[in-house]
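In: with the input below, show me the fold.
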Amino acid sequence: MSKTINVNDLILISDYIDGRLSAPAMEKLSNRISDDPEFRQTFQEITYTRAMLRALPHNPHVAGYMLSIFPEEMEE
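Out: Predicted coordinates for the structure are as follows:
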């Protein structure tokens, strides 16, 4: 049974990936991933995107560079 994915679903997926859910909540979400094709697709897209972002090289100079270009915006 597929329904529209909402912001709470995205937060739930994030918490699931980060291991921040209780055992019953993880089991419930795991069942939804198995049973709901749209939810499974969203879960796969998020895990893929996360893996790609983590694979990028870390550049510690970016934050300092952004502060030098946009000091007012970065302080907000």
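In: report how many residues lie close to residue 16.
Out: A count of neighbours around residue 16, defined by other Cβ atoms under 10 Å, yields 20. All C-beta atoms are positioned from the backbone trio N, CA, C, and that covers glycine.
In: my guess is it contacts residue 28. True?
Out: No. Using Cβ atoms under 8 Å, residue 16 makes no contact with residue 28, being 9.9 Å away.
In: which residues touch the helix or strand harbouring residue 40?
Out: Residue 40 is part of helix 37-55 when elements are defined by DSSP states H and E. Contacts of helix 37-55 with the rest of the structure, by Cβ atoms under 8 Å, 6 or more residues apart in numbering, involve 2, 3, 5, 9, 10, 13, 14, 16, 17, 32, 33, 34.
In: out of these, which one has the weakest pLDDT?
Out: Across the set of these, residue 2 stands lowest in pLDDT, at 49.
In: buried sites along the helix holding residue 40?
Out: By neighbour count on 16 or more other Cβ atoms under 10 Å, the buried set for helix 37-55 is 39, 42, 43.
In: ok, the last one to residue 58 distance?
Out: Which is residue 43. Look at residue 43 and residue 58: by Cβ to Cβ, to the nearest Å, they are 26 Å apart.
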